[in-house]
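Enquirer: build me a structure from this.
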Amino acid sequence: MLITTSRRPCHLARVLCRELVRILPGSEYVPRGAKKIEEVASLAKQRGHDRVLLVNSILGQVGELRFLEVGDTWRWLDALVKLSGVRINRGKVKPRRPGEVKIYAADAGAAEFGRWLGKVWGIGCSDRLPESGLVVFLTSAGGLRVQFRLMPEAEEVGPVLEVASFGSLFGGRGDGSG
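Expert: Residues are numbered from 1 along each chain as shown. Okay, the predicted model is just below:
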């Protein structure tokens, strides 16, 4: 997955992109700069990525995650994650290890978001907490939260995303199907 920012990102958006790239296998950060979205999609295809994660800044804060699907052409996925907060765990981000990433919802409140995020990111969901590897750990206790944990130690290894809402970008089902 290619990870980039909106055209005028806040500092935290750039830091978040770099931290996500350090933990998500197969991901790559490219500063957006003045590139049009078509140019970002073309760059993703040239570099062998089928998806783009766009970290959007709103009023000087990390505000949204949007997604592109890249193939012979590109299209916006009908998916949007609105964020209410981001916590950067400086010093806790370790270089990624090759291997599979799984999504795990720790409670029923996070399960729907887990299935949705799995479709949008193209990552499998697990009904049981995986015993090894990188886990995108979701919980709804105290608000919907995305954490990255390295198993078997359950060590938190990346940023924490506080999710305000998720769903459709265009008014559809919001599962990325468009």
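Enquirer: only C-alpha atoms for contact and neighbour calcs from this point on.
Expert: OK.
Enquirer: the longest strand anywhere in the chain: how far from the chain's middle?
Expert: Under DSSP state E, the strand in the chain containing the largest number of residues is strand 74-87. Put simply, strand 74-87 sits 8 Å off its chain's centre (CA atoms, centre = their mean, to the nearest Å).
Enquirer: dig out what the spatially most central residue of the chain forms beta bridges with.
Expert: With distances taken as CA atoms, centre = their mean, Leu53 lies nearest the centre of the chain, 6.4 Å away. With DSSP bridges as the criterion, Leu53 is bridged to Ile3, Phe67.
Enquirer: show me what the helix or strand bottoming out on mean pLDDT in the chain packs onto, helices and strands only.
Expert: Counting by mean pLDDT, DSSP states H and E, the chain has its least confident helix or strand at strand 155-156, which shows a mean of 87. Using 3 or more CA pairs under 8 Å, 6 or more residues apart in numbering; DSSP states H and E, the elements in contact with strand 155-156 are strand 145-151.
Enquirer: got the buried residues for the longest strand of the chain?
Expert: Trp74, Trp76, Leu77, Asp78, Ala79, Leu80, Val81, Lys82, Leu83, Ser84, Val86 (16 or more other CA atoms under 10 Å).
Enquirer: so Glu38 sits in a strand?
Expert: No: looking at Glu38 with DSSP: H, G, I helix; E, B strand; the rest coil, it is helix, so not inside a strand.
Enquirer: run a quick neighbour tally on it.
Expert: For Glu38, the count of nearby residues is 12 (other CA atoms under 10 Å).
Enquirer: mind listing the strands for the chain?
Expert: 2-5, 28-29, 51-58, 61-70, 74-87, 101-105, 125-126, 133-139, 145-151, 155-156, 160-167.
Enquirer: got those strands as CSV, with distance to Ala111 columns?
Expert: Putting the strands of the chain into CSV (distance: least, CA to CA, whole Å) gives the following:
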stretch, distance to Ala111
strand 2-5, 25
strand 28-29, 28
strand 51-58, 21
strand 61-70, 19
strand 74-87, 15
strand 101-105, 5
strand 125-126, 9
strand 133-139, 8
strand 145-151, 12
strand 155-156, 20
strand 160-167, 13
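Enquirer: about what we covered before: the longest strand of the chain pairs with which strands?
Expert: Using DSSP bridges, strand 74-87 pairs in its sheet with strand 61-70 (antiparallel), strand 160-167 (antiparallel).
Enquirer: quick check: angle from it to strand 145-151?
Expert: Strand 74-87 runs at 90 degrees relative to strand 145-151, counting by axes from the mean of the first three to the mean of the last three CA atoms, to 10 degrees.
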